[in-house]
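> Turn this into a model:
(chains A, B and C)
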Amino acid sequence: MSERLLTPGMYLIILVMLLALTVLTVGLSFVPSSAMMRVVAGQSIAVVKASLVVLFFMHALRSTAQTRAVIVVTIVWFVVVLSSLMLSDYLTRGMIPNLPGH
Amino acid sequence: MSPDNGPLTVPHDESLEHTILVRHRLEEQYENLDQQHQAAALGMWVFLATEVMFFGALFLAVAIYRFLYTVEFEKASERLNWMIGGVNTLVLLLSSLMIVLAVHYARHGRRKRIVLFLGLTALLGVCFLAFKGLEYYIDYQENLIPGWRFDAGEWVTREGLRPDQVPHVKLFLFLYWVMTGLHGLHVTIGICVVLVIMAMAWRGKFSPEYYAPVDVTALYWHFVDVVWIFLLPTLYLLGTHHW
Amino acid sequence: MSTHAFDQPAGAAPGAEPPTNYLNASYSVTSWLLTTDHKRIALLYLLPITLMFFIGGVAISISRLSLMTPEGALVDADTYNKLFTIHGVIMVFFFLVPVIPSVLGNFFLPMMIGAKDLAFPRINLLSWYLYMLGAGWAAVAVLAGGVDTGWTFYTPYSSASSHYNVVMTMTGGVIAGFSSLLTGLNFIVTVHWLRAPGLNWFRLPIFVWTMYATSFIFLLAVPVLAMALILVIIERLWQIGIFDPALGGDPLLFQHLFWFYSHPAVYIMILPGMGVVSEVIPCFARKQLYGYKFVAYSSFGIACLGFFVWAHHMFVAGISLYAALIFSSLSFLVAVPSAIKVFNWTATLYKSSISFEAPMLFALGFVALFTFGGMAGLFLATLGVDMHVHDTYFVVAHFHFIMVGGMVLAYMAGLHYWWPKITGRMYSDWLSRLTAMIIFIGFFLTFLPQFVAGYNGMPRRYHMYAPEYQVWNVMSTAGASILGVGYVLPLFYMVGSLWSGKPAGRNPWHATGLEWQTASPPPTENFEQSPVVVRPPYQYHLEKAQNEP
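Prediction:
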């Protein structure tokens, strides 16, 4: 497989970043904040960590077009299709009084 | 070292050529090992996509119920052992580095290093499971197992919930056990596969031209790590912790 | 009727050795049960899937007999519930979902792209073993007393109340789901990496496009269903779960997760049928498929849009009105790519040279019945109408028009079209045409009255009903018996052709497509030499310019 290779040193740097982000995310959970902030902070940091693993450890950056398409479609399907459409039900229940489902 | 397209086992009976009993390193539907490697990698990525949807349904359930029962979920999340959860995150991340190095050395044909790093990966995986076992034991002591060891009263007196809110805590804990249990199962399977690949590496089956099994196993392992990366904030960090 | 003289197949010289093909390469049991040859695996699937079809058919035949009278006295309520449940579970999970992909797809996908096998032959064999395990598990569940929840397994009845074999049936379903998931994975990688030289995407037969789109759906939908079923299994086994209202759980969450798979599942069932029809119609109309790119893209359109509409099964279940509005609008949208296909098939037939062999009869029946049933779907997508016809026989008729009138007819078309290639034999022409007519007539008589009964209010899943619906039920049962005859006939003339059928020759239908360039039955490695593709598919119009031998 031809690609620009990452060196073991570069992998180590990625790991250090991941470890630091882990310490950060746990540390932030000690800081008093609103429920929304906690979720946003926690999930955002997780997304960054996951991106580092997928892009560098799983070599997504150097992968074939098909692989990149699989990754993008999967993310879109989970976030947009499954989650958003299902939440469109749960988040809008109770908005119209005296109606079934509300 | 068997040649590229020689059979790995020799059948007594040629009629068994097109069965699982005979395996050529370069399978006949592929033109070369590189094409075979690319196909194997795509196959694993596609499989990981299905796993995202599989675990994803559970994450979505947490999101929905957290939306409905925010206070109960936060209180329940605070009772989980963030320290072991955090340490386990570090363990898995380190194991991901180990296996990516194993792939790196596989590409360079360094047999001993492949074995070393695969071994370290498996070892760290076992560490993860050991810490998990410890954590589960502590959860047992703390009455955090709905349907088996659960004290509704302490959620009212210690955590300040109303009695009608206590059942919702059970929803959170159920999801915690199912999600971490399912993840633990995936780690266990991963460790077994890593050990098998390690044995193959030890016997010299891999070369710079043929190391797809190492590559594909690594992809799976990284995925298991990514699931845990999301499990940490989703289950352990919903509430506010105190020293 | 027929205006084309299809060649008398050139037989081998008398007394010559039959050439080695995938069937006679080895006769040992081991060579079949451990095979990695995609063609043998396809046949391994064919037998249990056919068996499951007849088991599911027998179950509902008993129900239909019971429904001849309003009191429904043939079976009691519990047994009736078990019969329609097992009919649904078997027909959906063990027949409709796997039949075309695992039989015709497994056999012909590699051949259509000029490959020697699928990308992962051993995983293909694993898929078959998983199917057998799942089917066996479900069969044991039936023998152990069945299950009465309906194939939809709605909570909290399935998770908390039902006294029957929910866990066992669901486990069979989960295992079968993994079987199809692996098949989908195999197909996707195969189409990406094993196409013959010169075979770019727009030279692929539509059947390959639809297999790819179907696989796409498998991969993204099956895991969600698996999780939903596993959660109910856990809830039943450990008496605790997230669908339990006593814990604040929402039973509708199960329905959301269930239908997230099960609506795309209906596109899993119909897309392969559409692929078959797209092969058959150009061949028997001797005309290039009209609007190839539209038909190809609409396969993806159906696969994608099909994921956005699942909650239209839940309009009256208690979802919010805003969600219902969103899903209703999206459900109208999903009809568009299907309609595009119907327009293109019709345009293919226009001013073409049609002959009415059995595959074409089945394909034409598909177009008519699928369109009819699909239009009924628009009624159901309309919120105001759905309030009245949800859970009535209107719904039952709608999906049977599509599944039986559409999908099963397409499968019959494919089976009749490719039988000569698979077996090297031709079946009885007149008997197959008669069968197609019997099935078409039987189908209409069975399911059209159900539209009327449902629109007039007859609820589904009830073992007894008000007397005013009796006439429709009697017509439906009468039709079902005719339909049954139509389904049994092929067992005789197709199996019979294995002994007494004419040798088919390489290309009895003079069809285009790589699978017709090799022998019938094909050799194990499919092609003596790897083909190189230089032309788009369906070049039937070129034969007028050539002197046909």
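
> Just give me how far the lengthiest helix in chain A sits from the chain centre.
Assignment by DSSP state H gives helix A:8-28 as the longest helix of chain A. Mean C-alpha position of helix A:8-28 versus that of the full chain (C-alpha atoms, centre = their mean, to the nearest Å) differs by 16 Å.

> Stretch B:223-242 now?
That offset, for stretch B:223-242, works out to 14 Å (C-alpha atoms, centre = their mean).

> what's the answer for stretch C:295-307, then?
Chain-centre distance of stretch C:295-307: 17 Å, with C-alpha atoms, centre = their mean.

> Mind checking if it is in reach of chain A?
Yes: contact of stretch C:295-307 with chain A (C-beta under 8 Å from any C-beta of the partner chain) involves residue C:307. Glycine gets a C-beta too; all of them are placed from N, C-alpha and C.

> Buried residues, that stretch. List them.
By 16 or more other C-beta atoms under 10 Å in any protein chain shown, the buried positions in stretch C:295-307 come out as C:295-296, C:298-307.

> buried residues in the helix or strand just after the longest helix of chain A?
Using DSSP states H and E, the helix or strand that follows helix A:8-28 in sequence is helix A:35-52. Across helix A:35-52, burial judged by 16+ other C-beta under 10 Å covers A:38-39, A:41-43, A:45-46, A:49-50, A:52.

> returning to that earlier point: quick one: the buried residues of stretch C:295-307 as TSV, columns for pLDDT too.
What follows is these, written out as TSV (pLDDT from 0 to 100):
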residue	pLDDT
C:295	97
C:296	97
C:298	97
C:299	97
C:300	95
C:301	96
C:302	97
C:303	96
C:304	96
C:305	96
C:306	96
C:307	96
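
> residues from chain A in reach of chain C?
Applying C-beta under 8 Å from any C-beta, we find that chain A lies next to chain C at A:66, A:73-74, A:77, A:81-82, A:85-86, A:88-90, A:92-96, A:99-102.

> Now list the buried members of those.
Using 16+ other C-beta under 10 Å as the burial test, the residues of chain A next to chain C include A:66, A:73-74, A:77, A:81-82, A:85-86, A:88-90, A:92-93, A:101 as buried.

> In JSON lines, list the buried residues of stretch C:295-307 along with secondary structure.
Shown next, in JSON lines, are the buried residues of stretch C:295-307 (DSSP: H, G, I helix; E, B strand; the rest coil):
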{"residue": "C:295", "secondary structure": "helix"}
{"residue": "C:296", "secondary structure": "helix"}
{"residue": "C:298", "secondary structure": "helix"}
{"residue": "C:299", "secondary structure": "helix"}
{"residue": "C:300", "secondary structure": "helix"}
{"residue": "C:301", "secondary structure": "helix"}
{"residue": "C:302", "secondary structure": "helix"}
{"residue": "C:303", "secondary structure": "helix"}
{"residue": "C:304", "secondary structure": "helix"}
{"residue": "C:305", "secondary structure": "helix"}
{"residue": "C:306", "secondary structure": "helix"}
{"residue": "C:307", "secondary structure": "helix"}
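
> Can you tell me which of the residues you listed is closest to chain B?
Nearest to chain B, judged by C-beta to the nearest C-beta, of the buried residues of stretch C:295-307 is residue C:307 at 10.8 Å.

> Now do the contacts for the closest one.
Applying C-beta atoms under 8 Å, 6 or more residues apart in numbering or on different chains, we find residue C:307 in contact with A:77, A:81, C:217, C:220-221, C:260, C:263-264.

> just checking: which of these also lie near chain B?
Counting by C-beta under 8 Å from any C-beta, A:77, C:220-221 from the contacts of residue C:307 sit close to chain B.

> now, which of those lie within helices?
Using DSSP H, the members of those that fall within helices are C:220-221.

> okay, the ones next to chain B among the contacts of residue C:307 in JSON lines with distance to residue C:82 next?
Shown next, in JSON lines, are the ones next to chain B among the contacts of residue C:307 (distance: C-beta to C-beta, whole Å):
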{"residue": "A:77", "distance to residue C:82": "36"}
{"residue": "C:220", "distance to residue C:82": "32"}
{"residue": "C:221", "distance to residue C:82": "27"}
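
> out of the ones next to chain B among the contacts of residue C:307, who's nearest chain B?
residue C:220 (5.7 Å).

> okay but the closest one is in contact with residue B:51, surely?
No: applying C-beta atoms under 8 Å, one finds residue C:220 not in contact with residue B:51, separated by 11.5 Å.

> Name the spans of the stretch 401-549 of chain C whose pLDDT lies under the cut-off.
Along the stretch 401-549 of chain C, segments meeting pLDDT under 70 span C:544-549.

> Run through the residues of it sitting next to chain B.
Neighbours of chain B within the stretch 401-549 of chain C, by C-beta under 8 Å from any C-beta: C:524-525.

> Closest residue of the stretch 401-549 of chain C to chain A?
Nearest to chain A in the stretch 401-549 of chain C, going by C-beta to the nearest C-beta, is residue C:459, at a distance of 18.3 Å.

> could you list every residue that touches that residue?
Remark: with contacts taken as C-beta under 8 Å, 6+ apart, residue C:459 is in contact with C:391-393, C:465.

> can I assume residue B:162 is in contact with residue B:156?
Yes: using C-beta under 8 Å, residue B:162 is in contact with residue B:156, at 7.2 Å.

> Compare those two (neighbour count), which wins?
Neighbours were tallied for residue B:162 and for residue B:156 using other C-beta atoms under 10 Å in any protein chain shown; the higher tally belongs to residue B:156 (14 against 10).

> which one is the more buried one nearest to, not counting chain neighbours?
Nearest residue to residue B:156 in three dimensions, chain neighbours excluded: residue B:163, at 5.8 Å (C-beta to C-beta, 6 or more residues apart in numbering or on different chains).

> ok, now how distant is the one you found from chain A?
Noted for residue B:163: a distance of 22 Å to chain A, by C-beta to the nearest C-beta, to the nearest Å.

> What of residue B:157?
To chain A, residue B:157 is 23 Å away according to C-beta to the nearest C-beta.

> Please apply the same query to residue C:383.
12 Å.

> and if you look at residue B:108?
9 Å.

> any low-confidence regions in chain A?
Using pLDDT under 70, chain A drops low at A:1-4, A:100-102.
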